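# Below is the sequence, then the predicted model.
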Amino acid sequence: AKPAVTLRDISLPRVSDGEQINLGKALESTTGKTMLVLGTYAGDFNMIEYAQRVRAFWPQLQEKGVSRCMMVVNGEAPSCSRLAELLDLPEAIELLSDPSGEAGRKFGVSRGFRPDDKGMSPSLKLFFMGIGLGPPWMTLPAVLTGYFGNPDGRREWIEAALLQGQEAGRWPAVLELGADGTIAKNKFDDTPLLSGWGCRPFELATLRLQNLVGIQLKERAALKFADERCLTQLGGCTVVGPGGEAMYSWVDQGLCDVPDMHSILEAL
C-alpha cells in the first residue's frame, strides 16, 4: 500500500510546536516531494545515523525537489529535542515524537529479533541482533563495513558528521581543521594503500565510536526509549511525490543498516 494510505490513521505531535501532524494526510497533500524518516529511539545507532545522513545531504535533497522532511523519533519530545541539539539538525527537519513506535510498525519496519517472545528480555534480544544471530540478518554486513571500509563507498556524510562531533567536543578527533574551521586533513587520508577508497577502513567505525562515547553513553538518560518495544525496533524511510506516490521506500534490516543517501538521490 502507499505510505499515505498505510499511515493515514497516525497523528504525532511535532516537537517544535506540539501541533498534531497526520502522517497520511501530510504525505497525500504533497505537491512536490516529501521525505519521511521512520526512525528508532533517540539513543539508537540507526536513529543517530539517519539524522547525520539527512543533515549532511539536506542541501542535495532540496536540490532534487524535496521541500519537506519529517523525521519520526521513537521517544518523548524532550529526547527528540536533545538529539536535534546534539547533532545540530537544521530547523527545517520536522521532528515528530512517537514514544510507542506505532508509526514505524504501521509502515512495516522490522520489529527486531523475536519481537513476540515475552519471556526474553529486550536487552537480550538486542544482544542477539548485535552479534548477528537471528533475523533480521544485515547487522554484521553493515557493522563490518565500518571496520573493513568500502572502495565504492562515500565518505562525505561521514566527514560532515565527524566534523560536527569534533566541533561539539566529542572523541575521537581525527580531523585537522583550517583557520576557517573547514577540514584541512583527515587522518584516514594517510591509510596505507587504501587511502583512495571511498570509505577507508575504520573510518565509519570511528564515527560510530564517536557517537557511542559522546552521545549514546554520555546522554543515555536523556535519549532513553520510553517503550521497551522500541529497543529492538528498526527504522525505515520513504520519499513521496505528488499525491503521496512513493518514489523511494526502505526498511532497515539490521543495526546500522540505514539507506545510502546517494541511492535516494538517484531515485529522485
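Everything's here; your move. Residues are numbered from 1 along each chain as shown.
# what's the weakest-modelled helix or strand in this protein?
The helix or strand of the chain with the lowest confidence, counting by mean pLDDT, DSSP states H and E, is helix 122-130 at a mean of 93.
# Contacts for it next, please.
Identification of contacts with helix 122-130 by C-beta atoms under 8 Å, 6 or more residues apart in numbering yields 112-115, 117, 134, 136, 139, 228-229, 231-232, 254-255. Yep, even glycine has a C-beta here, placed from its N, CA and C like the rest.
# go on, stretch 221-229?
Stretch 221-229 is contacted from outside by 41-44, 74-76, 78-79, 82-83, 99-101, 111, 115, 122, 215-216, 231, using C-beta under 8 Å, 6+ apart.
# before we move on, back to that, G24: which of the contacts of helix 122-130 is nearest?
If you rank these by distance to G24 using C-beta to C-beta, R229 comes first, at 21.9 Å.
# just to revisit the earlier point, buried residues, the least confident helix or strand of the chain. List them.
Buried residues in helix 122-130, counting neighbours by 16 or more other C-beta atoms under 10 Å, are found at P122, K125, L126, F128, M129, G130.
# Let me know the secondary structure of the residue nearest to M129 when sequence neighbours are not counted.
Nearest non-adjacent residue to M129, counting by C-beta to C-beta, 6 or more residues apart in numbering: F113, 4.8 Å away. When classified by DSSP: H, G, I helix; E, B strand; the rest coil, F113 comes out as coil.
# F113 touches T232, doesn't it?
Yes: with contacts counted by C-beta atoms under 8 Å, F113 reaches T232, the gap being 6.1 Å.
# Looking at these two, which one has more neighbours?
Taking F113 and T232 together and counting by other C-beta atoms under 10 Å, T232 has the greater number of neighbours (27 against 21).
# how about the nearest residue to the more buried one, chain neighbours excluded?
Leaving aside its sequence neighbours, T232 sits nearest to G112 (C-beta to C-beta, 6+ apart; 2.9 Å).
# Give the full set of residues in contact with the one you found.
K125, L126, M129, P136, L231, T232, Q233, L234.
# same thing but 6 Å
With contacts defined as C-beta atoms under 6 Å, 6 or more residues apart in numbering, the neighbours of G112 are K125, M129, T232, Q233.
# what do you get for P136?
By C-beta under 6 Å, 6+ apart, the neighbours of P136 are S110, Q253, G254.
# Quickly note the distance from it to S100.
Applying C-beta to C-beta, to the nearest Å, the value for P136 to S100 is 21 Å.
# Need the three-state assignment for the most centrally placed residue in the chain.
Centroid-nearest residue in the chain, with C-alpha atoms, centre = their mean: Y50, separated by 1.6 Å. Using three-state DSSP, the structure places Y50 in helix.
# Use 393 as the first number from now on
Will do, 393 is the new start, and the previous item becomes Y442.
# contacting residues around it?
V429, G431, V650.
# Could you do D652 as well?
By C-beta under 6 Å, 6+ apart, D652 lies in contact with nothing.
# Could you tell me the backbone phi and psi angles at it?
phi -80, psi 120 (degrees, to the nearest 10).
# Tell me the confidence at it?
We have a pLDDT of 96 for D652.
# what's the answer for L525, then?
L525 is given a pLDDT of 82.
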